[in-house]
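1. okay, structure incoming, though there's no sequence with it:
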Ligand code: PDD
C-alpha cells in the first residue's frame, strides 16, 4: 500500500493532502493527536486511544471536528481504502508485516494570525494511514541504546503532560541530543531531576525482580502501552511499583525497556556510555514482551537476519 490521507473526510494521496499555512496546528502546534497501530488489520486499543484524544482536546479546550464515533468510522474507512500488499521488509519484526500506522490529528483550525484560540474558525480532522515501520527484529533481539538528555520535560504546571498535543519542540530537541550521543531514544528528567519518560515512549526498569516505572503524577503521558504492560505484569504476578526514579536507578537497573504503540516493549541495553545489566535484553523484559505478543496476536517468536 501507499500512504493514504483522510483530510476532513476526503481520501487523498499524500501530495494532495495540503493544509493552510494559517492552520494553528502548523503555526503553534495547537492540535491534539493519537498514534494507533493495527494487528491483523484492526486498530489495537482503539477505545483507549479515542478516549485519550477526547481527553487531550478537552484539556486544551479544543472542539474537534469529529466526535469519537465519527473518528472511529473515518479510521475504519481510511484503513479499508488503504488495503493492499506491502513491499516485503526483510528486517521487519514479524508482527509488523502488513500492519498499519494510523495517525489521527485534530487541529484547532485556521484563522487570523494570533495566539488567541478564539481566532480559530475551522477545526481540521486528519487521519494518515501508512505501512507500519516498527523497530527492526534486531532491535528486539539486541536492545537499543538510550540516553538521559539535558533537555528537561516541560513542567506539568506549564504544559499538561496528560494531553497529547502537537507542541513537540522539547521532545524534538531531546531526540536531537540523543541522536548526537548515538542513542535511539531520549529519556527526559523533570526539573527536580526525576525520570519522566522517553521522547515518545514510557520507561520501565527491572530491579531485584520488581518492575518499576515513574507514576503518572511524575508528569508523563499515560501511555496506552504502559497501561497494557502494567496490566499484564500484575496478571503474571510480577511485583510492580509506580515510583519516582532517579537516573541512578536506571543506571543500576538489571533491565530497562521502553513502551509505545509502535515499539511495543523494546529492550534498552545501553544507557549513555554504559551497558544496562548484562548488556543484553533481560528475562523479565522478554517474558513481558511474549505476554504482550500473545495478547496483541500475530507471531510471538523472532527470527533475526544477521
Ligand atoms: N507517542 N510518552 C510520550 C511523550 C509519547 O509521545 C508516547 C507515544 C508515549 C507512549 O504512549 P503509547 O503507549 O500510548 O503509544 C509516551 C506516539 C507513539 C508517537 O508520538 O509516535
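-> Yep, that arrived. Since we're looking at a predicted model, the values are computed, not measured.
2. report the secondary structure state of residue 171.
-> helix (DSSP: H, G, I helix; E, B strand; the rest coil).
3. with adjacent residues omitted, what lies nearest to the spatially most central residue of the chain?
-> By Cα atoms, centre = their mean, the chain has its centre lying nearest to residue 260, at 4.2 Å. The shortest distance from residue 260 to any non-neighbouring residue, by Cβ to Cβ, 6 or more residues apart in numbering, is to residue 201 (4.1 Å). Every C-beta, even on glycine, is put in place using the N, C-alpha and C of the backbone.
4. the strands in the stretch 151-300 of the chain, which residues?
-> Using DSSP state E, counting those that start in this stretch, the strands of the stretch 151-300 of the chain run over 185-189, 195-198, 202-207, 210-213, 240-242, 255-260, 264-271, 274-275.
5. which of those strands sits most buried?
-> With neighbours defined as mean count of other Cβ atoms under 10 Å, those peak in mean count at strand 255-260, which reaches a mean of 27.
6. thinking again about what came up before, need the strands of the stretch 151-300 of the chain in a markdown table (columns: mean pLDDT and distance to residue 143).
-> Below are the strands of the stretch 151-300 of the chain laid out as a markdown table (pLDDT from 0 to 100; distance: least, Cβ to Cβ, whole Å):
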| stretch | mean pLDDT | distance to residue 143 |
| --- | --- | --- |
| strand 185-189 | 98 | 11 |
| strand 195-198 | 98 | 14 |
| strand 202-207 | 98 | 13 |
| strand 210-213 | 98 | 17 |
| strand 240-242 | 98 | 21 |
| strand 255-260 | 98 | 8 |
| strand 264-271 | 98 | 3 |
| strand 274-275 | 98 | 9 |
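7. what sits against the residue nearest to the centre of the chain?
-> Taking Cβ atoms under 8 Å, 6 or more residues apart in numbering, we find residue 260 in contact with 35, 198, 200, 201, 202, 223, 225, 266.
8. kindly reformat the strands of the stretch 151-300 of the chain as CSV and extend each row with distance to residue 169.
-> Shown next, in CSV, are the strands of the stretch 151-300 of the chain (distance: least, Cβ to Cβ, whole Å):
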stretch, distance to residue 169
strand 185-189, 13
strand 195-198, 16
strand 202-207, 20
strand 210-213, 25
strand 240-242, 28
strand 255-260, 19
strand 264-271, 24
strand 274-275, 29
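9. let's have these in a markdown table, adding distance to the ligand.
-> Below are the strands of the stretch 151-300 of the chain laid out as a markdown table (distance: least, Cβ to the nearest ligand atom, whole Å):
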| stretch | distance to the ligand |
| --- | --- |
| strand 185-189 | 8 |
| strand 195-198 | 5 |
| strand 202-207 | 5 |
| strand 210-213 | 11 |
| strand 240-242 | 15 |
| strand 255-260 | 4 |
| strand 264-271 | 9 |
| strand 274-275 | 24 |
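10. residues contacting the residue in the stretch 1-150 of the chain positioned nearest to the ligand?
-> The ligand sits closest to residue 35 of the stretch 1-150 of the chain, with a gap of 3.8 Å, by Cβ to the nearest ligand atom. Going by Cβ under 8 Å, 6+ apart, residue 35 touches 49, 101, 102, 103, 260, 261, 262.
11. give me the secondary structure label for the fourth one.
-> With three-state DSSP as the basis, the three-state label of residue 103 is strand.
12. can you list the residues that contact stretch 159-177?
-> 25, 28-34, 52-53, 55-56, 59-60, 105, 107, 147, 149-154, 186, 188, 196, 199-200, 216, 219-222.
13. residue 263 and residue 132 touch, don't they?
-> No: the pair residue 263 / residue 132 is not scored as a contact, 10.9 Å apart, by Cβ atoms under 8 Å.
14. gap between stretch 215-225 and the chain center?
-> 12 Å (Cα atoms, centre = their mean, to the nearest Å).
15. helices of the stretch 51-200 of the chain, residue ranges please.
-> 68-81, 137-142, 169-180 (DSSP state H, counting those that start in this stretch).
16. most tightly packed of those?
-> Ranked by mean neighbour count, those are led by helix 137-142 with a mean of 18 (mean count of other Cβ under 10 Å).
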